[in-house]
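Engineer: Structure, please.
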Amino acid sequence: MKKINIFTIVSLIICISALSGCARDINYIVDNEPCVKGVVSQISETYIVISVNEDDELYKSYKNIEVSRNVERKDGAFGGEIGDEVAVYYDGSVEETDPARINQVYAILYVGDSK
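Structural biologist: Numbers count the residues shown, from 1 in each chain. So this is what the prediction gives:
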């Protein structure tokens, strides 16, 4: 009986720890996660394509990046239009496709109008 209780307690701690990662606020994401900035050049239901800003570190490797619209923080979901400058906060992983792709997105934040 004691082993079952210990197992239950350990399981609960693991579940709570896993769920706490989902509760990160937008300020934590902005302060701690990698970011790429660019101008939106295409929009679909599932992704946007950004033209990476020339002064961004990723510009040397990727001129355009397809970004998933399935974001962790729904208050950081993209709701803009073509020509908007955005900051994409993600897990740091960029797939080597054509165009490059970011799948794990935490937030897409409006920076300004590039026009």
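Engineer: The strand or helix carrying Ile48 pairs with which strands, and in what direction?
Structural biologist: Following DSSP states H and E, one finds Ile48 within strand 47-52. Applying DSSP bridges to the sheet, strand 47-52 is found paired with strand 35-43 (antiparallel), strand 64-68 (antiparallel).
Engineer: Nearest to Tyr106, out of those strands?
Structural biologist: Nearest to Tyr106 among those is strand 35-43 (9.4 Å), distances taken as Cβ to Cβ. (C-beta placed from N, C-alpha, C; glycine too.)
Engineer: Can you give me the buried ones in the closest one?
Structural biologist: Neighbour-count burial for strand 35-43 flags 35-40 (criterion: 16 or more other Cβ atoms under 10 Å).
Engineer: If you tally nearby residues, what's the number for the nearest residue to Leu109 once chain neighbours are set aside?
Structural biologist: With Cβ to Cβ, 6 or more residues apart in numbering as the criterion, Leu109 has its nearest non-adjacent residue at 4.8 Å, and that residue is Ala87. Neighbourhood size, Ala87 [other Cβ atoms under 10 Å]: 18.
Engineer: Need the contact partners of the helix or strand encompassing Ala87.
Structural biologist: Using DSSP H and E, Ala87 falls within strand 84-90. Identification of contacts with strand 84-90 by Cβ atoms under 8 Å, 6 or more residues apart in numbering yields 29-30, 33-40, 48, 50, 53, 65, 67, 76, 78, 80, 102, 104-114.
Engineer: Show me what secondary structure element comes after that strand.
Structural biologist: Next helix or strand after strand 84-90 toward the C-terminus (DSSP H and E): strand 100-102.
Engineer: And that following strand, what does it pack against?
Structural biologist: strand 64-68 (3 or more Cβ pairs under 8 Å, 6 or more residues apart in numbering; DSSP states H and E).
Engineer: What angle do strand 84-90 and the strand it packs on make with each other?
Structural biologist: 70 degrees (axes from the mean of the first three to the mean of the last three Cα atoms, to 10 degrees).
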